[in-house]
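**Q** I need the structure of the sequence given here:
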Amino acid sequence: MDYQKSAQAIFQAVGGNENINSLTHCMTRLRFKLNDESRVDDDKVKQIPGVVGINHQSGQYQIIIGNDVSEYYKELTKLTDFTKSNDSLTASTSKENWFNRFASFISSCMSPLIPALIGGGMIKVIVILLPMLGWMSEKSSTYAFLTIFGDAPFYFLPIMLAFTSAKYFKVSPMLAVTIAGIMLHPNFAAMVKAGKAVTLMGLPVTLATYSSSVIPILLMVWLMKYIEAGIDKICPASMKSILKPLLVIFVSGVLALVVVGPLGTFAGKLLSDIILFIQSKANWLAMPLMAAFMPLIVMTGMHWAFSPIFLAASIATPDSLILPAMLAANIAQGAASLAVAFKTKNKNTRQVATAASISALVAGVTEPALYGVTLKYKKPLYAAMISGAINGLFMGLVNLKSFAFAVPSLVSLPQFVSKTNGNNLINAVIVLVASIIITFVLTLILGFEDEPETATAATATTPTQGTPAATTIATGTTKIYAPLSGKVLELSEVKDQTFAQKTLGDGVAIVPTDGKVYAPFTGEVMTIFPTKHAIGLRSNSGVELLIHIGLDTVNLKGAPFTAHVETGQAIKKGQLLMEVDLAAIQAAGYDITTPVVITNTSEFSEITITEQEAVTQDQILMYTIK
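**A** Got it, this is the predicted structure:
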């Protein structure tokens with residue numbers, strides 16, 4: 001994979017420097033904060049090599065990549081500095097409801113921490129496992145050090161959150177980290193342990209332990225945004241370099257220990273108590289619902305928004321809801337992909353599904369499986385959700401618990417090891433095996449619409465009118481007729497770098513002479529954009545074609561376009577798909593050049609384009625060979 005080329009294509013597709021406000025990434029997603037998401041053509045982004053899918057969530061433009069996301073992020077950071085957000089926020093951001101803003105806040109702050117938390121979680125799993133196998137003594141210094149390694153990301157979680165939340169709120173990062181340090185200071189920890197009442201300038205200080213906490217520091221950094229702004233207003237410019245950090249640390253430190261910290265501790269405990277109460281009253285119902293709908297939660301990007309809950313649970317008490325539910329859901333995604341790989345006759349589909357199944361089963365990373373396989377074919381997703389509900393009911397009845405924070409998978413199964421309940425791991429193994437078997441069988445029973453490996457055989461000893469120069473048309477060939485009449489241009493001549501550089505795939509462009517768009521083959525409509533400026537088609541032989549009517553015509557919001565078909569509708573070659581007012585497009589100042597691109601170019605050994613300078617809709621524009 002050419003990470004640099006794909007990163008450049010992503011950078012251009014989302015609007016470059018002028019449209020990118022900030023960028024972070026989690027385990028599988030690039031998370032952009034854009035000034036105007038409507039400027040981005042989702043279809044263009046989806047077709048970039050390496051992109052699995054996209055998601056609009058909580059004010060973020062999320063591009064799902066998979067396990068290689070850090071490589072793309074590295075290449076993107078070479079193009080510009082994403083650590084500094086633009087000063088202006090868009091109107092769309094300011095109009096977000098409180099829930100979306102909260103979800104965006106949690107996601108933005110927690111996502112960068114996930115690798116450290118997973119690493120620490122896996123070490124904690126090893127620390128549990130090695131003594132049980134008799135490979136290490138709990139009294140050894142190595143055991144003690146490994147315990148430190150595993151605990152460190154969790155113990156110092158407030159410091160890491162101080163840094164990420166400071167970037168989110170545009171607070172001085174090192175001042176925020178300092179406040180977190182005050183809350184974790186060994187001397188304050190000693191006061192908490194002693195349990196004697198203490199005061200700060202006569203103000204009572206709540207003796208709370210802030211190590212591994214989430215909510216107190218998030219609340220504090222949010223408040224620091226206003227503290228810094230207020231000090232900036234009253235502090236003389238000549239003394240600001242000295243007075244500002246002094247005042248910020250003093251005011252914030254006092255508030256953190258006297259007011260905000262205790263409130264955050266209370267809020268976190270209340271939230272955990274509510275979740276635990278629901279589980280205690282109806283765990284048999286809560287668990288199957290969580291396990292069944294976990295794929296949809298992942299789709300929205302909200303799975304890490306639960307972090308404060310299950311992190312607190314996995315540190316203080318075992319988690320008996322979210323992580324167990326993720327075990328059933330993750331394994332089901334992997335098993336569904338494995339079934340698709342087993343049943344498909346398409347080599348490319350088998351490769352994608354096999355890799356996706358390994359990622360989900362072994363590492364617990366489900367985005368490749370979800371976006372590349374199960375969601376694409378739908379019925380495997382249904383199979384995984386049904387399996388999740390069935391296994392969730394079992395987990396609720398046996399009260400399965402996770403004793404360490406790690407993304408549930410085959411590798412992290414020891415997170416379900418209990419020192420007091422040997423049946424807990426057995427139940428986790430039962431869930432794992434049952435998820436694989438039930439999902440695999442259900443996927444085979446429900447089936448899916450397989451994409452043929454080769455196109456329908458066709459032969460011709462004499463080229464027809466408009467056929468690209470060739471003496472024969474080989475077996476496994478698909479003819480693609482011109483969807484519009486007009487002048488033919490090479491893609492390199494198109495005044496749009498995404499098309500000119502063939503980022504979306506190989507093809508050709510047409511400068512139309514009339515505004516009627518016809519079906520270039522028999523197949524189905526994959527998608528019609530809400531603005532109707534582009535239409536995606538799939539032939540019965542597996543060719544995926546994008547017809548992009550005009551350049552930048554998304555800005556016209558559908559006004560000059562009249563669609564005669566709908567998404568998912570079957571079409572026949574020569575059927576009228578769309579009527580376009582070309583004069584209106586030109587009057588609005590836009591180019592009517594229409595790229596016709598094969599978006600799954602990599603699946604074909606050869607793509608041949610007509611040598612004619614002009615075509616009509618009854619002539620062959622190009623053909624593909626498997």
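
**Q** now the helices for the stretch 201-350 of the chain?
**A** Assignment of helices within the stretch 201-350 of the chain using DSSP state H, counting those that start in this stretch yields the ranges 215-234, 240-255, 261-300, 307-316, 322-343, 347-358.

**Q** so which of those comes closest to residue 430?
**A** For those, proximity to residue 430 was assessed by C-beta to C-beta; helix 322-343 is nearest, at 10.7 Å. The way it works is simple: take the backbone N, C-alpha and C, and place the C-beta from them, glycine included.

**Q** how about that closest one: buried residues?
**A** Applying a neighbour-count criterion of 16 or more other C-beta atoms under 10 Å, one finds 322-341, 343 buried in helix 322-343.

**Q** quick one on the thing from earlier: distance to residue 533 and mean pLDDT for the helices of the stretch 201-350 of the chain - can I get that in JSON lines?
**A** Written out in JSON lines, the entries for these read as follows (distance: least, C-beta to C-beta, whole Å; pLDDT from 0 to 100):
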{"stretch": "helix 215-234", "distance to residue 533": "40", "mean pLDDT": "90"}
{"stretch": "helix 240-255", "distance to residue 533": "50", "mean pLDDT": "92"}
{"stretch": "helix 261-300", "distance to residue 533": "26", "mean pLDDT": "73"}
{"stretch": "helix 307-316", "distance to residue 533": "39", "mean pLDDT": "55"}
{"stretch": "helix 322-343", "distance to residue 533": "33", "mean pLDDT": "93"}
{"stretch": "helix 347-358", "distance to residue 533": "29", "mean pLDDT": "82"}
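
**Q** For residue 200, find the nearest of those helices.
**A** Each of the helices of the stretch 201-350 of the chain was checked against residue 200 via C-beta to C-beta, and the shortest separation belongs to helix 240-255, namely 6.2 Å.

**Q** Give the buried residues for that closest one.
**A** Buried residues in helix 240-255, counted by 16+ other C-beta under 10 Å: 244, 245, 247, 248, 251, 252, 253, 254, 255.

**Q** Surely the second one touches residue 179?
**A** When you say that, I think you mean residue 245. No: contact criterion C-beta atoms under 8 Å: residue 245 and residue 179 do not qualify, at 11.5 Å.

**Q** Could you point out which residue ranges in the stretch 1-150 of the chain have low pLDDT?
**A** Applying pLDDT under 70 to the stretch 1-150 of the chain flags the ranges 1, 26-28, 57-58, 67, 81-104, 106-107, 111, 114, 118, 121.

**Q** swap the cut-off to 90 and go again
**A** Segments of the stretch 1-150 of the chain classed as low confidence (criterion: pLDDT under 90) are 1-4, 15-39, 41-44, 46-47, 49-134, 138, 147, 150.

**Q** which stretches of it form strands?
**A** Listed in chain order, the strands of the stretch 1-150 of the chain (DSSP state E, counting those that start in this stretch) span residues 20-25, 29-34, 53-57, 60-64.

**Q** May I see those arranged in TSV, with mean neighbour count and distance to residue 412 as well?
**A** Formatted as TSV, the entries for these read as follows, by neighbours: other C-beta atoms under 10 Å; distance: least, C-beta to C-beta, whole Å:
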stretch	mean neighbour count	distance to residue 412
strand 20-25	21	21
strand 29-34	24	20
strand 53-57	19	25
strand 60-64	24	22
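
**Q** In TSV: those strands, plus distance to residue 433.
**A** Below are those laid out as TSV (distance: least, C-beta to C-beta, whole Å):
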stretch	distance to residue 433
strand 20-25	34
strand 29-34	30
strand 53-57	29
strand 60-64	29
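
**Q** among the ones you listed, which is nearest residue 45?
**A** Comparing the strands of the stretch 1-150 of the chain by their distance to residue 45 (C-beta to C-beta), the top pick is strand 53-57, with 5.3 Å.
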